[in-house]
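Enquirer: predicted model, plus sequence, below.
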Amino acid sequence: MFALVPWRRRRSQKAHEPVATELEPLVRLRDEIDRLFGRFLERRELVGPWFDWRWGLDLEDRDDEVVVRIDAPGFEPEDFDVRLSGNLLTVRAERREEAKRGTGEYRRYGVVRRVITLPPGIDPEQAEARYHRGVLEVHVKKKPEEARGRKVLVKAE
């Protein structure tokens, strides 16, 4: 690691002792950032595998509809709250696990939220959501007049 930082050495100093230079504040900043990320990742591991903020997402823009697929294993259909506002799709999942009496097990709680911007021309009134085998699939129909789009003519100069 010391090979990455250009340390200067005095003649009276041993080879393994670094010298305080103008880079010292940057080295301290790097160390603090490393500690910060280390603490964050340690805490995240304690939450559990079902509480993962990195949901897989696939958005497919078809001729007549938009299909959004979100990998969200470990939930039940009633755990989801799916809302459409304009062209924003908000998916929120909440999971609670109660403690069992006398076993010493604790209850866990977690909320995961994802906001996706959909293409223009969708009809929020014609939306469906299904959850099957860990994948939430949201189908949103497009408005007929806007689904076709408009062809732009290319002129030669």
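Expert: Okay, I see it.

Enquirer: contacting residues for V135?
Expert: With CB atoms under 8 Å, 6 or more residues apart in numbering as the criterion, the residues that contact V135 are R69, I70, D71, A72. Where C-beta positions appear, they are placed from N, C-alpha and C, glycine not excepted.

Enquirer: mind listing the strands for this protein?
Expert: 56-61, 65-71, 80-85, 88-97, 108-117, 122-132, 135-142 (DSSP state E).

Enquirer: any chance of a markdown table for those, columns distance to I33?
Expert: Written out in a markdown table, the entries for the strands of the chain read as follows (distance: least, CB to CB, whole Å):
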| stretch | distance to I33 |
| --- | --- |
| strand 56-61 | 28 |
| strand 65-71 | 30 |
| strand 80-85 | 35 |
| strand 88-97 | 31 |
| strand 108-117 | 26 |
| strand 122-132 | 38 |
| strand 135-142 | 35 |
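
Enquirer: which stretch in those has the least confidence?
Expert: Within the strands of the chain, the stretch with the lowest mean pLDDT is strand 108-117, showing a mean of 81.

Enquirer: ok and that strand relative to strand 135-142, angle-wise?
Expert: Between strand 108-117 and strand 135-142, the angle comes out at 30 degrees (axes from the mean of the first three to the mean of the last three CA atoms, to 10 degrees).

Enquirer: and the protein, what are its domains?
Expert: The record's domain parsing of the chain by automatic domain parsing lists 2-47, 56-147.

Enquirer: show me what counts as buried in stretch 109-116.
Expert: Buried positions in stretch 109-116, judged by neighbour count with 16 or more other CB atoms under 10 Å: G110, V112, R114.

Enquirer: count of neighbours near the closest residue to R113 other than its chain neighbours?
Expert: With sequence-adjacent residues excluded and distances taken as CB to CB, 6 or more residues apart in numbering, R113 is closest to R92, at 4.6 Å. R92 has 14 neighbours, counted by other CB atoms under 10 Å.
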